[in-house]
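Asker: Dropping the sequence and predicted coords here.
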Amino acid sequence: MGNMCDSGQSHNVEAQALCFLRFFVYREYREIRYLGNPQFGRYDKFSACYSDLFELSRAAFASLWHSVASEKDIPSILKPFELRTGLTLEDVEEAFRHGEWSPFGSAMVNYGGPKHADIVSSTIRLRNAMATASWTDVVPQELAALKKIQHNRPRPARLDYSSLLEDLKSLKLQAPPGTCCLLDSR
């Protein structure tokens, strides 16, 4: 689908941080929808959310991303995801870190788990650094970490951007111009 960034945007730390924050919030909330699925993950502390999470599709999360794609206010980026799932970003991290993500005793974790907890932790650190305007030290460190961080599949998590594009296409939605520089940051 091509590059979604304005040519100079990837060099602007604040714009890149917003891009990464929006994407990883979307990506990890999308992943948490497997919590409560008997084949993939459970964490009984959040069992009240199981039925709501089970009903959510990838497209539902793509629609949420689209609604915040141009948003610059951090709480406004998080709010739709929190409202839709009933979980804060800290709850998502906790469920990935302490939940059971291979319920049938398999050594392989297909969804969720500690690698996703690490992604959420880095996303939380990015969010906090952005909120305190730590543009020259912490924000660049977290961006560098998120560019390389991996989840349960052998590729950097940021490359999951193509599935967002597919979901937007299925919804007949387009990403607003210049809303994400992930494709520029290889």
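Answerer: Arrived safely, thanks for sending.
Asker: residue contacts, residue 50?
Answerer: In this structure, residue 50 makes contact with 35-36, judged by CB atoms under 8 Å, 6 or more residues apart in numbering. To be clear about C-beta, it is placed using only N, CA and C from the backbone, and glycine gets the same treatment.
Asker: Need phi/psi at residue 40.
Answerer: As for residue 40, its main-chain torsions (degrees, to the nearest 10) stand at phi -120, psi -50.
Asker: what about it, how many neighbours?
Answerer: In terms of burial, residue 40 registers 21 neighbours under the definition other CB atoms under 10 Å.
Asker: which ones are touching residue 42?
Answerer: Going by CB under 8 Å, 6+ apart, residue 42 touches 35-36, 99-100, 103.
Asker: of those residues, closest to residue 118?
Answerer: For residue 118, the nearest member of the contacts of residue 42 is residue 99. The distance, counting by CB to CB, is 14.0 Å.
Asker: how about the nearest residue to that closest one, chain neighbours excluded?
Answerer: Among residues not flanking residue 99 along the chain, residue 43 sits closest, at 3.2 Å (CB to CB, 6 or more residues apart in numbering).
Asker: With residue 100 as the reference, measure out to the one you found.
Answerer: When CB to CB, to the nearest Å is the yardstick, residue 43 and residue 100 sit 7 Å from each other.
Asker: Residue 130 too?
Answerer: Residue 130 sits 32 Å away from residue 100 when distances are taken as CB to CB.
Asker: same question, residue 29
Answerer: Counting by CB to CB - residue 29 and residue 100 are separated by 19 Å.
Asker: which helix in the chain runs the most residues?
Answerer: When every helix of the chain is counted residue by residue (DSSP state H), the longest turns out to be helix 13-32.
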